[in-house]
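**Q** sequence plus the predicted model coming up.
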Amino acid sequence: MPFEYNPDSLREAESDIRERLAGHQVDLEVQRTISNLYRAATVVSRSAEREFLREEKLSWSAFVVLWVLWIWGEMDSSRLAGEVGLTLGTLTGVRKTLEARGLVDRSEDPTDGRVVNVGLTAAGTTMLEALLPKFNEWSANRFGGLAEGQQSQLAELLESVIVHQPKTEQR
């Protein structure tokens, strides 16, 4: 069974991190934020796979590929990899698996034969649309522990992290 974070183990991890970083010139709150962002993303993706994607034999990455194609339609592999947050090589493996299942198809770009476009098939659309109610119910349950307004606040904070353009140091 995959490791799950519980309040006690999370507090222990935070304590271990603070202890290990003591004496180092680091911003402990930034490190805590990054650690918890990673943990949250891992818990969400693993929970989704275990709790509702397993039934459809989908990984989190495969589900996100289907979702992105359903929202924005056919696109080239490079853009799709960027939207999904995968390397092009990893996307190729996910795409081939989805293609073998008849959920996506690929085609050469008519203007540039080096470019591979990926789109949902009718079966992929049907599967994604059938999963939407399960995904919504699962998401509401997963984030149900947040007080009123906290979901919006969390979404806004994460959007700030996503769009923030850090200043690069000149060396």
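**A** Yes, it's here. Just so you know, these numbers come straight off a predicted model, no measurement behind them. Numbering: from 1, shown residues only.
**Q** C-alpha from now on. contacts and neighbour counts both.
**A** OK.
**Q** can you pull the buried residues of the one helix or strand residue 105 maps to?
**A** According to DSSP states H and E, residue 105 maps onto strand 104-108. Residues 104-106 are the ones in strand 104-108 that count as buried (16 or more other Cα atoms under 10 Å).
**Q** one more: stretch 80-88?
**A** 80-81, 84, 86.
**Q** start to end distance for it?
**A** For stretch 80-88, the first and last residues are 9 Å from each other (Cα to Cα, to the nearest Å).
**Q** tell me the mean pLDDT over it?
**A** Across stretch 80-88, pLDDT averages out at 95.
**Q** residues in contact with it: which ones?
**A** For stretch 80-88, the external contacting residues (Cα atoms under 8 Å, 6 or more residues apart in numbering) are 61, 64-65, 68-69, 77-78, 91.
**Q** for those, pick the one with the most neighbours.
**A** residue 65 (26 neighbours; other Cα atoms under 10 Å).
**Q** what packs against whichever strand or helix holds that one?
**A** Assigning secondary structure by DSSP H and E places residue 65 in helix 60-72. For helix 60-72, the packing partners by 3 or more Cα pairs under 8 Å, 6 or more residues apart in numbering; DSSP states H and E come out as helix 28-48, helix 77-84, helix 88-100, strand 116-120, helix 122-142.
**Q** as CSV, the ones you listed with distance to residue 7 would be great.
**A** Shown next, in CSV, are these (distance: least, Cα to Cα, whole Å):
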stretch, distance to residue 7
helix 28-48, 12
helix 77-84, 30
helix 88-100, 33
strand 116-120, 40
helix 122-142, 15
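**Q** cool, thanks, signing off.
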